[in-house]
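# Please find the sequence and the predicted model below.
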Amino acid sequence: MTLQQQTAPSYQTDFSPKIGEAESVAPFVERIVAPNASPYTFTGTNCFLVGQDELAIIDPGPDVQAHINAIDRALNGRKVVAILLTHTHRDHSAVAPKLAHKYDVPLMFGGPHRPARALRLFEIDPMRRSGHYGLRPDRTLKQGDIIRLGAVEIEVIETPGHCANHICFALSDRAHILTGDHIMGWNSTLIADPDGALAPYLESIDFLLACPGQIYLPAHGDRIVKGKKFAKALKGHRLQRNAQIIDLLKENAKLSAWQLTDKMYPDVSMAVKGAALLTVKAHLHFLTEQDKLRKHTRLLRQPVYSTA
């Protein structure tokens, strides 16, 4: 596949929510967009209230008083029974322990934050500050677990890749899935080696595609009505990136991760260039593990890669 053949999914960037105002986005599901917009969070983190008389707060977001007040207003006296997290990046989880204490309810997610692979000697995880290390669940959620909220039920779907403890939540209407950062309509998901990993991400897309539910409610951006079609496009885009790396290395013999990033993302702003580099490193780790590339490391020098 040549560079000219590179295509991206059709992203949904036309989204202008009213920050801090609850909006119904599905039966028994309300969305409150938090005030933490950035190049990495788009318009902000989507906090969801799921249920009818008994509610779960999913991905409560940043520890910002205005946002806490917005959640209180949206609850309007209704009973909270649990705080759920799709994963433990701080833009999703920062206020979670405070709200769990405030409402005296359990905090549930897919286990403590951890890297997707063991770090090498002297290796530093550049995403460490983003991970909510030290946060412990009152209940660790596993594949197939059910959270009952009166007449509404949520089923856990394990989807590692963006990070090791990522999960999605399928609603009992069998139409909607809360996809966290696994599938987002506004952009492709950041997979930052070693915090995340490409192999489980691709496997998790396949697993999600096999589940009932077509309408995806992501943690950033608007809902994705044709979720499965979009997820297939995202997977295809990742496979194209793998092919692009191999093509570049066939043309250039040996390149570093940074050199590959410059060639693959020539028009990306410096604000997100670091994220692009981490994603390229995730692809390089995947291709090296698949024996499609060779990694050449010299003392005190940047590793370079070549085709196998």
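That came in fine, so what should we check first? Predicted, not measured: the structure shown is a model, and the values here were computed from it.

# Okay, now the unreliable bits of the protein?
Along the chain, the model assigns pLDDT under 70 to residues 1-7, 300.

# Can you tell me the centre-most residue of it?
The chain has residue 181 as the residue nearest its centroid, 2.3 Å off, counting by C-alpha atoms, centre = their mean.

# how about it, what does it touch?
Going by C-beta atoms under 8 Å, 6 or more residues apart in numbering, residue 181 touches 86-87, 89, 92, 162, 166, 189-190, 218-220. Any C-beta I mention is one placed from the backbone N, CA and C, and that applies to glycine too.

# Kindly reformat those residues as JSON lines containing secondary structure.
Formatted as JSON lines, the contacts of residue 181 follow (DSSP: H, G, I helix; E, B strand; the rest coil):
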{"residue": "86", "secondary structure": "coil"}
{"residue": "87", "secondary structure": "coil"}
{"residue": "89", "secondary structure": "strand"}
{"residue": "92", "secondary structure": "helix"}
{"residue": "162", "secondary structure": "coil"}
{"residue": "166", "secondary structure": "coil"}
{"residue": "189", "secondary structure": "coil"}
{"residue": "190", "secondary structure": "coil"}
{"residue": "218", "secondary structure": "strand"}
{"residue": "219", "secondary structure": "coil"}
{"residue": "220", "secondary structure": "coil"}
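
# from these, which is closest to residue 175?
residue 218 (15.3 Å; C-beta to C-beta).

# surely the closest one meets residue 189?
No. Look at residue 218 against residue 189 with C-beta atoms under 8 Å: they stay out of range, at 9.4 Å.

# the more surrounded of these two?
The residue with more neighbours, out of residue 218 and residue 189, is residue 218; 26 against 22, by other C-beta atoms under 10 Å.

# Pull the number of nearby residues for residue 196.
26.

# Out of the contacts of residue 181, grab the one that's most surrounded.
Neighbour-wise, the contacts of residue 181 (other C-beta under 10 Å) top out at residue 219, 30 neighbours.

# How much space separates the residue lying closest to residue 195 once chain neighbours are set aside from residue 90?
Using C-beta to C-beta, 6 or more residues apart in numbering and skipping the chain neighbours, the partner closest in space to residue 195 is residue 127 (3.8 Å). In this view, residue 127 and residue 90 are 10 Å apart by C-beta to C-beta, to the nearest Å.

# Same question for residue 290.
According to C-beta to C-beta, residue 290 stands 32 Å off from residue 90.

# Over to residue 241?
Separation of residue 241 from residue 90 (C-beta to C-beta) stands at 27 Å.

# What of residue 146?
Remark: distance between residue 146 and residue 90 (C-beta to C-beta) = 28 Å.

# who's more crowded, these two?
residue 90 (20 against 11).

# pretty sure residue 282 is touching residue 188, no?
No. The criterion here is C-beta under 8 Å, and residue 282 misses it with residue 188 at 11.6 Å.

# Who has more neighbours out of these two?
residue 282 (26 against 16).

# Does the more buried one lie in a helix or a strand, and which?
Here residue 282, judged by DSSP states H and E, is contained in helix 270-289.

# And whatever helix or strand comes next after that helix, what does it pack against?
Remark: after helix 270-289, the chain's next helix or strand is strand 293-296, criterion DSSP H and E. Applying 3 or more C-beta pairs under 8 Å, 6 or more residues apart in numbering; DSSP states H and E, we find strand 293-296 packed against helix 227-252, helix 270-289, strand 304-307.

# what does strand 293-296 rub up against?
245-246, 249, 254, 284, 287-288, 303-308.

# ok, now with 6 Å
287-288, 303-306, 308 (C-beta atoms under 6 Å, 6 or more residues apart in numbering).

# Of those, grab the buried ones for ChimeraX.
In ChimeraX, selecting the buried portion of these, with burial taken from 16 or more other C-beta atoms under 10 Å, looks like this:
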select :287,304,305
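
# Spatially, which two of the contacts of strand 293-296 are the most separated?
303 and 308, at 15.0 Å, using C-beta to C-beta across the contacts of strand 293-296.
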